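Asks: with the input below, show me the fold.
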Amino acid sequence: MSSATRIHSATRSSIHRCTLERLLIKAPRFTFPTLVLLGLALFTLVAVRSEGFYHADEHFQLLEFANYKLGQTPAADLPWEFRSQIRPTLQPAIAVGVIRAARAAGITSPFSWALLLRLLSGWLAVLVFARIAARLSGSLGGDRMARILFGAAILVWFMPYLSVRFSSENWSALAFLAGLSFLPLDRDRRDTATITSCAVAGLFLGLSFVFRFQMGFALVGVGAWLLFRGRIGTARLAALGAGGLAAIALGSAVDWWFYGNPVFTPWTYFASNIIQGKAAAFGVSPWWWYLPQFLMHAIPPIAAVLLVLAMIGACRARDHVITWAFVVFLVGHVVVGHKELRFLFPMAFPFLFLVVVGWQRIRPRLGTGLAMRVTFGVLAVIDIVALLFAGTQAASTGVTTWRFLYGYSEHRPTTLYVQGNSPYDYDVLQLHFYRAPQIAVVRIDTAAALGDSSRYHPRDGDLLIPANGVLQPSAPGYRLTLVHRSVAAWMLRSDVTHWKERTHIWAVYRIDRR
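Replies: Next comes the predicted model:
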């Protein structure tokens with residue numbers, strides 16, 4: 001190879017390397033303030049689009065609890081956890097405060113209240129992610145890797161969706177990360193922790209436990225690290241403990257206010273779910289259950305890469321407090337018999353921290369060749385597509401129907417005749433939060449039963465929901481007009497994967513006399 005060829009090849013490689021470096025790390029537009037603005041904009045969009053809830057607990061044990069305290073949900077329609085007094089109520093109390101403030105400002109729609117709670121969750125997540133990422137710059141070897149961590153926290157496809165959830169998993173994670181951000185996270189900065197910062201750290205870490213008791217596993221990992229690796233001193237440990245006890249005392253005071261009697265919910269939760277075994281009644285899974293679930297739900301190509309990098313990162317950062325917290329949290333959930341993938345959501349950001357550490361470890365060996373650029377590009381495209389899909393879809397399939405019924409009946413009394421299940425039925429529970437106060441639900445056997453004047457008296461403008469969205473037979477003496485369907489008409493033209501059998505399609509008809 002000639003000298004000119006070698007120079008040209010080296011120059012081209014340098015250009016590729018510099019271009020990749022600028023795109024990923026060094027571009028001025030990727031400063032922390034710019035990333036914060038990007039995160040706020042993205043999370044706002046996802047919060048607006050992601051109506052409803054990922055899991056029933058996110059709704060029934062938070063929003064319906066709050067709605068009960070607002071006098072709208074009957075105690076008899078709350079989950080069994082309410083009667084057993086095992087759920088912490090600080091988060092429902094926050095929802096009560098937000099809703100009362102919204103009412104005072106003239107905002108009366110429950111859909112707007114839920115949006116405010118999602119926006120609050122998402123904006124807090126961006127700020128917490130920015131703070132903890134900046135605090136981890138020393139652990140990551142500099143500001144640019146901290147920016148990569150922050151960028152991953154707002155751009156990896158499942159993070160915006162999880163971060164806008166007003167769920168115990170999300171809020172416990174944010175309180176946990178906020179608490180860690182007040183601790184000395186780098187070995188060379190351990191002596192910089194003040195009594196005040198340790199007390200604030202303890203308060204936030206305690207709040208993470210109050211929001212979700214399973215965070216106790218992660219807190220055990222943090223406590224072990226502080227005792228064996230952190231060495232922050234007796235006075236600072238005392239301040240940390242005092243902050244944690246203050247958070248638990250606050251949670252107990254709110255529980256007393258909410259339930260109407262003194263109760264220590266961490267104990268009642270443990271006694272009910274562990275000693276009495278009620279958690280196991282919801283199903284028991286083998287210890288390895290989380291691995292295939294993660295690989296399948298986090299999208300296999302991305303999930304596999306993230307998992308390998310996280311394992312490398314855990315080995316590399318084995319002395320870091322986040323690694324200790326993550327490992328103990330994971331082991332605790334592996335040991336517990338009842339498993340759900342959402343139980344691991346609080347560790348999403350710590351997981352990404354380990355991923356970035358792993359990436360930092362192996363990146364020098366990967367180079368900037370064509371294979372590397374193609375692999376990175378394919379993963380980026382998959383992530384963007386998944387982010388667009390997850391971030392623009394409603395979290396609950398029934399939310400469009402709830403919104404339609406609320407708007408239709410908000411200013412006029414309406415009887416909703418339903419054949420089979422009501423849109424407000426959720427297994428054995430009843431949804432009240434999104435239900436308009438002017439709507440009454442009457443169950444019928446068939447649409448033809450509306451013609452039985454001895455039993456039913458439909459008025460012009462009342463509504464009918466037939467079973468499975470199929471109107472058959474029609475109601476004699478009445479004209480039925482389709483006014484809403486939860487699934488777009490063009491989607492119903494194809495059933496290649498038999499998705500209709502797995503989806504409840506709500507069709508709403510307006511009733512008028514002929």
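Asks: all helices for the stretch 151-300 of the chain, in order.
Replies: For the stretch 151-300 of the chain, the helices defined by DSSP state H, counting those that start in this stretch cover 158-163, 168-181, 195-211, 216-225, 234-259, 265-270, 290-297, 300-316.
Asks: ok, which of the ones you listed comes nearest Asp77?
Replies: Comparison of the helices of the stretch 151-300 of the chain against Asp77 by C-beta to C-beta identifies helix 234-259 as nearest, at 16.4 Å. For the C-beta atoms, the positions are set from N, CA and C on the backbone; glycine is no exception.
Asks: just so I know, which of the helices of the stretch 151-300 of the chain lies nearest Gly332?
Replies: Among the helices of the stretch 151-300 of the chain, if distance is taken as C-beta to C-beta, the winner is helix 216-225, at 3.4 Å.
Asks: pull out the buried residues from that closest one.
Replies: Gly216, Phe217, Ala218, Leu219, Val220, Gly221, Val222, Gly223, Trp225 (16 or more other C-beta atoms under 10 Å).
Asks: got it, and stretch 107-125?
Replies: Buried, per 16+ other C-beta under 10 Å, within stretch 107-125: 107, 110-111, 113-125.
Asks: just stretch 461-474 next, same as before
Replies: Buried residues in stretch 461-474 (16+ other C-beta under 10 Å): Asp462, Leu463, Leu464, Ile465, Pro466, Asn468, Gly469, Leu471, Ser474.
Asks: now render those as a markdown table, adding distance to Thr196.
Replies: Shown next, in a markdown table, are the buried residues of stretch 461-474 (distance: C-beta to C-beta, whole Å):
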| residue | distance to Thr196 |
| --- | --- |
| Asp462 | 62 |
| Leu463 | 58 |
| Leu464 | 63 |
| Ile465 | 58 |
| Pro466 | 63 |
| Asn468 | 60 |
| Gly469 | 59 |
| Leu471 | 66 |
| Ser474 | 71 |
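Asks: of those, which belong to strands?
Replies: Of the buried residues of stretch 461-474, the ones assigned to strands by DSSP state E are Leu463, Leu464, Ile465.
Asks: the last one contacts Asp425, doesn't it?
Replies: The one in question is Ile465. No - Ile465 is beyond contact range of Asp425, at 11.0 Å (criterion: C-beta atoms under 8 Å).
Asks: would you check which pair of the buried residues of helix 216-225 lies furthest apart?
Replies: So for the buried residues of helix 216-225, where distance means C-beta to C-beta, the most widely separated pair is Gly216 and Trp225, at 14.9 Å.
Asks: how near is the residue nearest to Gln419 when sequence neighbours are not counted to Ala447?
Replies: Nearest-residue entry for Gln419: Ala467, 4.5 Å, with adjacent residues in sequence omitted and distances by C-beta to C-beta, 6 or more residues apart in numbering. Distance of Ala467 to Ala447, given as C-beta to C-beta, to the nearest Å: 9 Å.
Asks: before we move on, what about Leu366?
Replies: Per C-beta to C-beta, Leu366 is found 64 Å from Ala447.
Asks: same question, Phe349
Replies: 51 Å.
Asks: the two: who's more crowded?
Replies: Phe349 (28 against 24; other C-beta atoms under 10 Å).
Asks: quick one: least confident helix or strand in this structure?
Replies: Lowest on mean pLDDT, DSSP states H and E among the helices and strands of the chain sits helix 3-21, with a mean of 43.
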